[in-house]
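K.L.:
how does the following fold in three dimensions:
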Amino acid sequence: MQLGQMLVLAVVQGVTELFPISSLGHSVLIRTILGWHIAKASPDFLPFLVVLHVGTASALLLYFWRDWRDILVGLWRARGRARNEHARLFWLLVVASIPAGLIGLLFEKKIKLLFANLLVAATFLMVNGVVLLIGDVLKKRRPDHTLEHMNWSKALIIGAAQALALIPGMSRSGVTVVAGLGKGFDYAVAARFSFLMATPIIGAAALLEVPKLFRITGHVDLGGIFLSGALAGVFAYLSTWILMRYFRKQEVQALRPFGYYCLAAGAAALAWYFV
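P.N.:
Numbering: from 1, shown residues only. Got it, this is the predicted structure:
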């Protein structure tokens with residue numbers, strides 16, 4: 001991989017992983033439209049992906065460090081049981097992480113076949129846009145609950161929605177925020193739970209691949225890879241900061257701009273594909 005390609009994909013990863021517009025879908029679209037034939041067998045490819053995800057997970061951990069501190073302290077005081085609100089939140093996040101983790105493991109090979117398919121990514125990017133617009137409708141019809149109202153069934157439903165993000169074009173943050181809105185939470189609360197849920201998911205995905213790095217042979221541009229990881233982390237942190245401020249201020253139609261963008265971007269990609 002060339003350094004320029006790494007840096008562009010790092011910025012795309014950092015922004016679109018948290019914005020509800022699908023990082024995987026944009027990665028497929030950009031690589032295909034720009035004609036970047038990136039060989040997955042390249043010695044740079046695997047460490048590049050791992051470091052990007054480590055950068056994104058680190059940004060989320062840094063932004064929500066107080067939440068994670070309270071969660072871990074609460075878990076310690078409760079001796080691993082859901083005896084206080086923070087320990088309970090920990091186990092709710094565990095429950096929410098199960099569906100996507102299981103589906104990812106069971107259908108990993110089939111899902112990977114979709115990763116380089118522009119038609120799939122563009123189509124589901126438009127589907128993602130429709131889902132976001134539906135989320136704004138759901139918000140109008142539901143009461144605003146706090147995170148204390150989260151229960152096991154709601155966490156499981158939001159976690160099940162997260163599994164949709166394994167399809168290129170479907171946004172992990174988008175579908176989980178919409179699921180949260182559907183269960184009665186406001187934008188800020190739904191986004192907070194979504195981002196807290198993302199930290200262990202992204203971190204675990206990266207850690208699962210770390211042992212493979214020690215088997216890498218051939219020339220690897222470590223400088224470019226770590227620079228890309230740092231860049232992805234910076235943009236992921238900025239994206240989280242912007243989104244959380246935005247969702248706290250917006251009471252209605254907060255997802256509409258992202259929904260329209262996904263519809264337009266997906267339609268433009270399909271037009272490019274067929275013309």
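K.L.:
V252 should be in a helix, yeah?
P.N.:
No: counting by DSSP: H, G, I helix; E, B strand; the rest coil, V252 falls outside a helix, being coil.
K.L.:
tell me how far it lies from A78.
P.N.:
Distance, V252 to A78, using CB to CB, to the nearest Å: 37 Å. C-beta coordinates here come from the backbone N, C-alpha and C atoms, glycine included.
K.L.:
who has more neighbours, these two?
P.N.:
A78 (17 against 10; other CB atoms under 10 Å).
K.L.:
so what's the more buried one up against?
P.N.:
84, 86-87 (CB atoms under 8 Å, 6 or more residues apart in numbering).
K.L.:
again with D67
P.N.:
D67 makes contacts with 192, 196, as judged by CB under 8 Å, 6+ apart.
K.L.:
which pLDDT does the model give it?
P.N.:
Looking at D67, its pLDDT stands at 93.
K.L.:
what residues of stretch 267-274 count as buried?
P.N.:
For stretch 267-274, burial by neighbour count (16 or more other CB atoms under 10 Å) applies to 269-270.
K.L.:
now do the helices in the stretch 51-200 of the chain.
P.N.:
65-77, 85-106, 108-112, 118-141, 152-162, 172-182, 187-213 (DSSP state H, counting those that start in this stretch).
K.L.:
so which strand or helix has the closest residue to A122 other than its chain neighbours?
P.N.:
Excluding its sequence neighbours, the residue lying closest to A122 (CB to CB, 6 or more residues apart in numbering) is A269, at 3.7 Å. Using DSSP states H and E, A269 maps to helix 256-274.
K.L.:
which outside residues touch that helix?
P.N.:
Around helix 256-274, the neighbours that count as contacts under CB under 8 Å, 6+ apart are 19-22, 29, 33, 118-119, 121-126, 128-133, 135-136, 169, 171, 174.
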